[in-house]
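Enquirer: let's see this in three dimensions:
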Amino acid sequence: MANPHRLTTDQVIDLIKEETGTEMAIATFRGYVTRGHAPAPVEKIGRTPLWKRSEIIEWAHNRPGQGARTDIRGRNRRTAQ
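Expert: Predicted structure coming up:
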């Protein structure tokens, strides 16, 4: 029997919409995972990655909003002169 606390990619997308009201494409979520901006899968069944439900809920509620510059780190940026 499958663990109800482990989610496939399709289930993750559905959960994000349910929790935040925001639709997200599967490719967008996979990109976030690849770049380390979303939780990594906790296990695999065959080639199917599975995520922990609680981690996805936490991430969905705390991730930066649309347009947030996540590529800028710290305050050591050059300013235009």
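
Enquirer: which residues does the residue nearest to the spatial centre of the chain contact?
Expert: Residue closest to the average C-alpha location in the chain (CA atoms, centre = their mean): residue 38, at 3.3 Å. Contacts here follow CB atoms under 8 Å, 6 or more residues apart in numbering; on that basis residue 38 touches 29, 32, 59, 63. All C-beta spots, glycine's among them, are computed from the backbone N, C-alpha and C.

Enquirer: next, the closest residue to residue 42 other than its chain neighbours: phi, psi?
Expert: Distances taken as CB to CB, 6 or more residues apart in numbering put residue 52 closest to residue 42, at 4.9 Å, once the chain neighbours are dropped. The phi/psi pair for residue 52 (degrees, to the nearest 10) reads phi -80, psi 130.

Enquirer: just say helix, strand or coil for residue 50.
Expert: strand (DSSP: H, G, I helix; E, B strand; the rest coil).

Enquirer: any idea how far residue 40 is from it?
Expert: 11 Å (CB to CB, to the nearest Å).

Enquirer: just the mean pLDDT for the longest helix anywhere in the chain, thanks.
Expert: Looking across the chain with DSSP state H, the single longest helix is helix 9-20. The pLDDT scores in helix 9-20 average 95.

Enquirer: show residues contacting that helix.
Expert: 7, 22-26, 29-30, 49, 51, 53, 56-57, 60-61.

Enquirer: got a quick ChimeraX command for the buried subset of the residues you listed?
Expert: Filtering those down to the buried ones (16 or more other CB atoms under 10 Å) takes a single ChimeraX command:
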select :7,29,49,51,53,56,60
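
Enquirer: narrow the contacts of helix 9-20 to those in strands?
Expert: 7, 49, 51 (DSSP state E).

Enquirer: distance to residue 72 added to those residues, as CSV?
Expert: Shown next, in CSV, are the ones in strands among the contacts of helix 9-20 (distance: CB to CB, whole Å):
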residue, distance to residue 72
7, 31
49, 29
51, 27
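
Enquirer: where does the prediction get shaky in this protein?
Expert: For the chain, the stretches flagged by pLDDT under 70 are 1-2, 65-71, 73-81.
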